[in-house]
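Asker: Output the structure for:
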Amino acid sequence: MTMNHTGNGRNDSHGQNGHHGNGYRNLLSEHLLESFEIDLEYEQDDHAIEAAVRSILEGVGEDPEREGLLRTPNRVARMYKELLEGYHINPEKLVNDALFDVEYQEMIVVRDIEYYSLCEHHMLPFIGKAHVAYVPNDKVIGLSKIPRIVDMFARRLQVQERMTQQIADFLMQVLHPQGVAVVCEGVHMCSMMRGVKKAHSSMTTSAMMGIFRENEKTRAEFMGHIGRSSSSVF
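Answerer: This next block holds a predicted model:
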């Protein structure tokens with residue numbers, strides 16, 4: 001993962017020359033938690049998952065009681081708890097007051113954020129890198145929080161298009177910046193292992209909001225930082 005501060009504005013480092021916004025509370029309303037598909041109350045039903053896995057094993061002609069598969073249902077349940085934890089992450093705890101008031105108003109780019117997700121159509125992995133940029137409006141977020149936000153939306157049953165938009169929408173809601181840009185690149189096991197079986201195909205999705213959508217030069221600057229043509233995402 002790499003980070004760029006760009007432009008000629010004064011670069012106040014996160015949390016050193018800046019300070020916390022006053023009275024930062026209630027990051028997202030209940031309505032917005034629902035819109036981001038975040039459920040802080042639900043607990044995974046491990047027993048239901050284990051029973052389903054046993055049924056799948058039997059359905060494909062395997063013996064769930066043989067030594068190599070005996071603990072597979074439990075392992076799968078524990079795996080899903082980790083891979084799908086994004087539904088249950090508390091955004092306020094994730095951000096943890098790491099919002100800082102600064103005078104810096106030039107572009108901030110965080111590139112090459114690795115992510116791992118599960119396709120909601122076949123429950124097979126898709127993996128890749130996200131590139132995130134924003135132009136602050138007197139407020140920045142701690143550097144480590146952007147990869148955590150990516151993870152929050154990647155670690156769930158997803159499609160890449162929705163994940164890309166959710167990352168952008170969340171940053172717009174939290175930071176109220178001049179604009180946000182997100183580009184995600186991914187390779188999908190569902191098209192590599194089955195169906196068309198194209199092992200070398202990849203997918204790129206983008207979400208441009210605010211100044212990145214309205215201003216071609218701003219968009220071109222961002223796309224230059226991540227090595228893409230500014231017209232390649234439209």
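Asker: pLDDT-wise, which helix or strand of the protein ranks last?
Answerer: strand 19-20 (a mean of 48; mean pLDDT, DSSP states H and E).
Asker: what does the model give the residue nearest to residue 194 when sequence neighbours are not counted for pLDDT?
Answerer: Spatial nearest neighbour of residue 194, excluding adjacent residues (C-beta to C-beta, 6 or more residues apart in numbering): residue 122 at 7.2 Å. Backbone N, C-alpha and C define where each C-beta goes, glycine included. Model confidence at residue 122, given as pLDDT, is 95.
Asker: Also residue 205?
Answerer: Per-residue pLDDT puts residue 205 at 98.
Asker: Can you classify it as helix, strand or coil?
Answerer: At residue 205 the chain is in strand, as set by DSSP: H, G, I helix; E, B strand; the rest coil.
Asker: pLDDT averaged over the host helix or strand of residue 34 - what is it?
Answerer: If you go by DSSP states H and E, residue 34 is part of helix 30-35. The pLDDT scores in helix 30-35 average 71.
Asker: Which positions within the longest helix seen in the chain qualify as buried?
Answerer: The residue-count maximum for a helix in the chain (DSSP state H) belongs to helix 160-175. By 16 or more other C-beta atoms under 10 Å, the buried positions in helix 160-175 come out as 160, 163-175.
Asker: Quick check: which helices or strands does it pack against?
Answerer: Under the contact definition 3 or more C-beta pairs under 8 Å, 6 or more residues apart in numbering; DSSP states H and E, helix 160-175 sits against helix 91-95, strand 108-119, strand 125-135, strand 139-141, helix 145-154, strand 179-188, strand 203-210.
Asker: Export those as TSV, with columns for distance to residue 72 and mean neighbour count.
Answerer: Below are the helices and strands packed on helix 160-175 laid out as TSV (distance: least, C-beta to C-beta, whole Å; neighbours: other C-beta atoms under 10 Å):
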stretch	distance to residue 72	mean neighbour count
helix 91-95	32	16
strand 108-119	18	19
strand 125-135	18	23
strand 139-141	40	21
helix 145-154	25	23
strand 179-188	24	24
strand 203-210	30	19
